[in-house]
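K.L.:
This is the structure alone, sequence omitted:
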């Protein structure tokens, strides 16, 4: 890793070669940068934050997409650059996740192996006060600790009843049940103006398969009390049917690629199941190629079909999704660990 210092760039809209070189340099050094310092005269001139042009806002978006801290010092050409412009280029968010695991063991099985039930809880720490406060509210105001996760598992009624059932089952020569629980939040990705959180829950109670659920929450960055952005908030008027048709086509492609049937046979299957009323999920997120809509396992079809993640390209979403949302896509930074 390295620290980089840039100075006297003198960006100007009528000098595109300098802009291209600057953006290329940012992309190259950001891969291994601990931090980047801009030591004045980023712009050839600056008339004031309230007069920032679309060109200058585009530069701000590129700076916001950097995966490392960015520090700025005024120069004699842009000494009027202030906090209003800085807020258009919010700091990068951290993908750090705090995770706790707990076990509750009761006796041993026929092979003398401990019978343990497991639980995992996780939450993200973004470094943004308002977003981190929102995460805390999802845990009713108190973030989990190793001690609290362990205590919750120990007093879980399902665990207590399962331990009793295990004693009876093993007397009959049957294998014991080992429970698994998970409640995990993560930062899925972010753009200059939005942050995408993912919530995964999982429970395995020794049936034929476990039960899981995934939810996505897109929050507006900069809001003191952020609220999830719903699908209806990003759709242009009277465009839900067009989006449903695009999602249906993406679902047909998804099933065909998984080897279900030919594309025509799969289309007939999907039409027979949904007709003209294809289900649109509220679980959406940004993607480097457009917007992705995530469905839970079994939400659209059988368990074997999995949980489709259907991506609709930016081009296809023109005239369906509000332009201010589509303009964020090029600046989306995804958590590589998810």
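P.N.:
Nice, I can see it. Because the structure is predicted, anything quoted here is derived from the model rather than measured.

K.L.:
How many residues are close by residue 108?
P.N.:
13 (other CB atoms under 10 Å). The way it works is simple: take the backbone N, C-alpha and C, and place the C-beta from them, glycine included.

K.L.:
Next, the contact list for it, please.
P.N.:
114-115 (CB atoms under 8 Å, 6 or more residues apart in numbering).

K.L.:
let's see 10 Å
P.N.:
Applying CB atoms under 10 Å, 6 or more residues apart in numbering, one finds that residue 108 lies in contact with 114-116, 170, 176.

K.L.:
what does residue 55 give?
P.N.:
By CB under 10 Å, 6+ apart, the neighbours of residue 55 are 11-14, 16, 19, 43.

K.L.:
tell me which element residue 241 falls in.
P.N.:
Assigned by DSSP states H and E, residue 241 belongs to helix 240-257.

K.L.:
which parts of that helix are buried?
P.N.:
Judged by neighbour count (16 or more other CB atoms under 10 Å), helix 240-257 contains these buried residues: 243-244, 246-252, 254-256.

K.L.:
just the helices in the stretch 101-250 of the chain please.
P.N.:
129-138, 146-154, 157-171, 231-234, 240-257 (DSSP state H, counting those that start in this stretch).

K.L.:
that older thread, let me know the next secondary structure element after the helix holding residue 241.
P.N.:
Scanning onward from helix 240-257 (DSSP H and E), the first element met is helix 263-274.

K.L.:
next one: stretch 179-193 to chain centre, how far?
P.N.:
Centroid separation for stretch 179-193 versus its chain: 7 Å, with CA atoms, centre = their mean, to the nearest Å.

K.L.:
which parts of that stretch are buried?
P.N.:
In stretch 179-193, counting by 16+ other CB under 10 Å, buried: 179, 181-193.

K.L.:
How is the protein divided into domains?
P.N.:
2-86, 96-229, 232-334 (automatic domain parsing).

K.L.:
how about the ones you listed in JSON lines, adding mean pLDDT?
P.N.:
Converted to JSON lines, these look like this (pLDDT from 0 to 100):
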{"stretch": "domain 2-86", "mean pLDDT": "77"}
{"stretch": "domain 96-229", "mean pLDDT": "94"}
{"stretch": "domain 232-334", "mean pLDDT": "91"}
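
K.L.:
and residue 97, what is it in contact with?
P.N.:
By CB under 10 Å, 6+ apart, the contact list for residue 97 reads 122-125, 184-187, 335, 337-338.

K.L.:
May I see those organised as a markdown table, with distance to residue 275 added?
P.N.:
As requested, those are exported to a markdown table (distance: CB to CB, whole Å):
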| residue | distance to residue 275 |
| --- | --- |
| 122 | 40 |
| 123 | 41 |
| 124 | 40 |
| 125 | 45 |
| 184 | 36 |
| 185 | 36 |
| 186 | 36 |
| 187 | 37 |
| 335 | 37 |
| 337 | 39 |
| 338 | 34 |
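
K.L.:
returning to what we had before: drop anything exposed from the contacts of residue 55.
P.N.:
11, 19, 43.

K.L.:
Now do the contacts for residue 169.
P.N.:
109, 162, 175-177, 206.

K.L.:
Repeat the analysis, applying 7 Å as the threshold.
P.N.:
Residue 169 sits next to residue 176 when contact means CB atoms under 7 Å, 6 or more residues apart in numbering.
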